[in-house]
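*Asks:* Output the structure for:
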Amino acid sequence: MLKTHTMTKRKTLIFACFGIALGLCIGTVLKSYRALEYVKRCSLRPTNLKSPAEIIGLREEDTIQNSQRNLVFVGVMTAKSFLEGRARAVYDTWGKEVPGRMAFFSSEGSYSDDLPVVGLRNVDDRYPPQKKSFMMLHYMYEHYIDRFEWFIRADDDVYMEPDKLERFLRSIDSSKPQFIGQAGKGNTEEFGLLSLEFDENFCMGGPGVILSSETLRRVAPHIPTCLKNLYSTHEDVEVGRCVQKFAGIPCTWNYEMQYILRHNSSGRNAYTGKLKRKEIHNAITLHPIKQAPLMYRLHSYVQGLKAEEMRQESLLLHRDIKRMAKYLEVPDESTYMLPSASPESDTGKRHFQDHNILGISPELNKFVPASTDDLLDWSFIARSLYSASSANPKQKIDSAMREGLEDVITEVMENINNYSRQRGRVIEFRELLYGYHRLDALHGQDLILDLLLIYKKYRGKKMTVPVRRHLYVQRAFTGIFVKEFDEDFYNVTLQQSLLGTLFQNGMARLSSHFTMPCCGLLPPTQDKIVFVLPIAGRLGTFERFLRTYERVCIRGQQHCDLLAVIFGSPDELGDHLQLLHDLHARHVYEQVNSIQRSSTFSRGVALDVAARSSYIRQEDIILFIDVDMVFEVETLQRVRMHTQRGKQVYLPIVFSQYDPQRRGGGLGAGSADEDADADAESPRIDDESGYFRQFGFGICAIYKSDILDEDINGFDKDITGWGLEDVKFLEKIVRVGTRQRGFLTNTAELPFDYNEAAEQWRRLSVFRAPDPTLVHIYHDISCDTQLDAPQYNMCLGTKANSLGSTRLMEQLFHSNPQNVQFAADFNRQKQQQQQQAR
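*Replies:* Residues are numbered from 1 along each chain as shown. Model prediction:
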């Protein structure tokens, strides 16, 4: 019995040993099978897979010692779905300018033909990307540790300025362990939950993390250990913990890092608004840029800033050359100092890059007038702009002028506060009290500004004192830059535009320096222009308009139609209809149509009825015009060039004549109508004959398909009598145009399918430009007192502007001593009332 028990126990032990051995064998086989699967998976990768050096274009001979492009390696974490969006935007903008190399790290299997993409093994695109971040650092260490001084971990929604990055990195010792970024300890909700000690921090991953090669060398071998010991879901926190543990350094505790490596807390709305901000100008990295269009927009703005800096540097070089020429006693007329000109050439003309012009040091006396007529007028800047050169002496400061003043003041204040930290004081701008400005077409803009500043001293004896300072600034022009295009661009683009003529005339003046091919203008695009003319009475003026239309449009074969909307009773319309009938009889193949209205005259109703009529097709250009206008063939060319279907509306700035009886300082002998008819044949374009009507919007060119857009829907038909319908119509167009400005903002807020739909929207912009061939012939204006107040005031304003030039009004005023005495008495009484009120 005992023997049987012993044998059973022995068998059990043998089977147990056998089972253990078998299990070990099976485990070994399974492990080998798994490794075999890895090998198979590796063998299934693309056959054109490049080596790590080939991916980033790194040559074997490129080293830290002999190449300027081995300063930094930028690893950008992305996902397979973002390769053609964010990643491509990064590579097309700042990625190609990095002072080193860059690569995009994505999930396993990610690949691109033209982007440096690394597909990390056994890594997917799940969030949070902890494994992806650590494996990217390990990849950098494994393949590039001895080839670069610095390594950057970045996201695909960050923008970097490579020039600033290079200057920053070259100022720091890369041989020491460095861990640079915007330090953080977590937000309020996470504080205490990230397993950080009181003296520990981490570098926020969004705006970028910079590691020296020594730091990466210390940390990378321990990455498997760090991956096994994760205490939070935030990969930047875990990277910081790993660096702290194995490199022995924390993230930089530096207050300035939040401005150098900038994180905008606005989320998807970040950097969708105005870009001219201090944070953008001073930062090395900007985060986050959530959509590719925003990345391209920001890059375009930054490139513009660089172009400004280069132009300023070129101006400083011109001044250095001018100064050296003076020390070397080189005569001003010498051609040795002219760029692109041989010393033997002697044309006697000044070069457009002449150092004698561009090299003059900033001063307010650059321009020397030959006579009092050449004096440049100063404009006064306060709450409004006061200018003697404008028909309206008091104007609102326009956006361009305001932006220019802001730029000047911002730049000056930055220069003043450059060394504020060393000096223990800061000076803040509070207000522009007043100023003067003038424009010299040869040298630039001169400014004299009175600034209210706040002086704050925070070191030693602290104080805050308001101060006033005068600022004298000259914004000098730089040289003329000529960009050459190939022949196809010149023929197709320049010759098709009316500007080709102006371009050729301008080139003729510079023909002593270079030549350009000269050809005639190609015919403009032949979209039909339909003239829409509202008319009530004024038979003689109507007859003059028809003569102009016949000469320019019909005999000139300009592919135009005429549609007149005539108001009046049947008895009053006979003569007008007879003129139209006679015109059509002379040209039977031309479209001369009319619409008759027996109601009270309303320009808005006339234009709306005409726009909706069957006489005009969807693809036709509608030109709303007045009966007092005269025009030329060039007018029609501008209309076709500047009116774009679904994109642009053309509102020309017409030249409006003054009262011909008042020209020359007195009353003429003839009647106003006789003088107007004489001026219509060959109108003079000068300051004493008329003015460009900046605030007139009645003459408009637009496609019919655009004017019937649901957001425009024609003209306001509730307005009767004179004026205001054009202002209401412009407001509608501007509202439609705002959809274009909102489009880019929406790319950061809504999904991509929204953008595809928004692309189909009609987004109309308004193009305005003076047209000297489009002239409003003077006629007496009678303002009906029954008009609504806004219409009546507009009518009175137009009537006053048409009386004569500012110079003529000044002469008439001063020619009567009673006027001068009245003004003096009025001012004296006003001063007395003010003193009594005090």
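*Asks:* Can you tell me the centre-most residue of this structure?
*Replies:* Nearest residue to the geometric centre of the chain (CA atoms, centre = their mean): residue 301, 7.2 Å.
*Asks:* Report the distance from stretch 76-91 to the chain centre.
*Replies:* Distance of stretch 76-91 from the chain centroid (CA atoms, centre = their mean, to the nearest Å) equals 25 Å.
*Asks:* Use 210 as the first number from now on
*Replies:* All set: I'll call the first residue 210, so the last point we hit is now stretch 285-300.
*Asks:* Check which residues of it are buried.
*Replies:* Residues of stretch 285-300 classed as buried by neighbour count (16 or more other CB atoms under 10 Å): 285-289, 291-292, 294-300. Bear in mind the C-beta positions are built from the backbone N, C-alpha and C, glycine included.
*Asks:* Which of the residues you listed fall within strands?
*Replies:* Under the assignment DSSP state E, the buried residues of stretch 285-300 contribute 285, 286 to strands.
*Asks:* Looking at the buried residues of stretch 285-300, which are in helices?
*Replies:* Among the buried residues of stretch 285-300, the members falling in helices (DSSP state H) are 297, 298, 299, 300.
*Asks:* could those go into CSV alongside pLDDT and distance to residue 839?
*Replies:* Compiled in CSV, these are given as follows (pLDDT from 0 to 100; distance: CB to CB, whole Å):
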residue, pLDDT, distance to residue 839
297, 94, 54
298, 94, 52
299, 95, 56
300, 95, 56
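*Asks:* May I see these organised as TSV, with distance to residue 477 added?
*Replies:* Output for those, formatted as TSV (distance: CB to CB, whole Å):
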residue	distance to residue 477
297	19
298	15
299	17
300	22
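*Asks:* From the residues you listed, pick the one nearest residue 583.
*Replies:* Distance to residue 583 across those (CB to CB) is lowest for residue 298, with 51.7 Å.
*Asks:* distance of the closest one from residue 375?
*Replies:* Residue 298 sits 21 Å away from residue 375, going by CB to CB, to the nearest Å.
*Asks:* Then residue 462?
*Replies:* According to CB to CB, residue 462 and residue 375 sit 24 Å apart.
*Asks:* what's stretch 331-338 in contact with?
*Replies:* Residues outside stretch 331-338 that contact it (CB atoms under 8 Å, 6 or more residues apart in numbering): 286, 288-290, 315-317, 340-341, 344, 442-444.
*Asks:* what's the span of it, first residue to last?
*Replies:* Using CA to CA, to the nearest Å, the end-to-end distance of stretch 331-338 comes to 13 Å.
*Asks:* Okay, buried residues for that stretch please.
*Replies:* 332, 334, 338.
*Asks:* Next: stretch 628-643.
*Replies:* Residues of stretch 628-643 classed as buried by neighbour count (16+ other CB under 10 Å): 634, 636, 638, 641.
*Asks:* same question for the strand or helix carrying the second one, mean pLDDT?
*Replies:* Element membership for residue 636, per DSSP states H and E: strand 634-649. Averaging the model's pLDDT scores along strand 634-649 yields 92.
*Asks:* Would you tell me what the next helix or strand after that strand is?
*Replies:* strand 653-666.
*Asks:* Which phi and psi values does residue 1024 adopt?
*Replies:* Dihedral pair for residue 1024: phi -70, psi -20, per degrees, to the nearest 10.
*Asks:* number of nearby residues for it?
*Replies:* Counted with other CB atoms under 10 Å, the neighbours of residue 1024 add up to 11.
*Asks:* Help me confirm that residue 802 comes into contact with residue 775.
*Replies:* No - in this structure residue 802 lies outside contact range of residue 775 using CB atoms under 8 Å: 11.0 Å.
*Asks:* Looking at those two now, which is surrounded by more residues?
*Replies:* residue 775 (22 against 17).
*Asks:* The more buried one belongs to a strand, doesn't it?
*Replies:* Yes - assessed by DSSP: H, G, I helix; E, B strand; the rest coil, residue 775 belongs to a strand.
*Asks:* Tell me the bridge partners for it.
*Replies:* residue 744, residue 805 (DSSP bridges).
*Asks:* coming back round to it: okay if I get the contacts of stretch 331-338 as JSON lines plus pLDDT?
*Replies:* What follows is the contacts of stretch 331-338, written out as JSON lines (pLDDT from 0 to 100):
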{"residue": "286", "pLDDT": "94"}
{"residue": "288", "pLDDT": "93"}
{"residue": "289", "pLDDT": "91"}
{"residue": "290", "pLDDT": "90"}
{"residue": "315", "pLDDT": "94"}
{"residue": "316", "pLDDT": "93"}
{"residue": "317", "pLDDT": "91"}
{"residue": "340", "pLDDT": "90"}
{"residue": "341", "pLDDT": "92"}
{"residue": "344", "pLDDT": "93"}
{"residue": "442", "pLDDT": "83"}
{"residue": "443", "pLDDT": "85"}
{"residue": "444", "pLDDT": "87"}
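*Asks:* Would you map the helices across the stretch 860-1009 of the chain?
*Replies:* Secondary structure of the stretch 860-1009 of the chain by DSSP state H, counting those that start in this stretch: the helices cover 881-890, 913-916, 934-955, 961-967, 998-1010.
*Asks:* quick one: contacts for residue 292?
*Replies:* 313, 315, 319, 321, 324, 326.
*Asks:* Got the phi and psi for the closest residue to the third one other than its chain neighbours?
*Replies:* Meaning residue 319. For residue 319, ignoring the flanking residues on the chain, the nearest one in space by CB to CB, 6 or more residues apart in numbering is residue 328 at 4.1 Å. The phi/psi pair for residue 328 (degrees, to the nearest 10) reads phi -90, psi 110.
*Asks:* Isn't residue 328 up against residue 318?
*Replies:* Yes - taking CB under 8 Å as the definition, residue 328 is a contact partner of residue 318 at 5.4 Å.
*Asks:* can you map out the strands along the stretch 660-809 of the chain?
*Replies:* Assigned by DSSP state E, counting those that start in this stretch, the stretch 660-809 of the chain shows strands spanning 672-685, 738-744, 769-776, 801-806.
*Asks:* and these as JSON lines, adding mean pLDDT?
*Replies:* JSON lines is the format used below for the strands of the stretch 660-809 of the chain (pLDDT from 0 to 100):
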{"stretch": "strand 672-685", "mean pLDDT": "91"}
{"stretch": "strand 738-744", "mean pLDDT": "92"}
{"stretch": "strand 769-776", "mean pLDDT": "92"}
{"stretch": "strand 801-806", "mean pLDDT": "90"}
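*Asks:* Between these, which one is closest to residue 913.
*Replies:* strand 738-744 (8.1 Å).
*Asks:* So what touches the closest one?
*Replies:* Outside strand 738-744, the residues touching it (CB under 8 Å, 6+ apart) are 751, 754, 758, 762, 767-776, 785, 810, 812, 815-816, 819-820, 824-825, 829-836, 845, 848-849, 910.
*Asks:* before we move on, what about stretch 669-685?
*Replies:* The contact list for stretch 669-685, computed with CB under 8 Å, 6+ apart, reads 524, 567, 571-573, 575, 613, 617-618, 621, 633, 639, 642, 652-666.
*Asks:* buried set for that stretch?
*Replies:* Buried positions in stretch 669-685, judged by neighbour count with 16+ other CB under 10 Å: 682, 683, 685.
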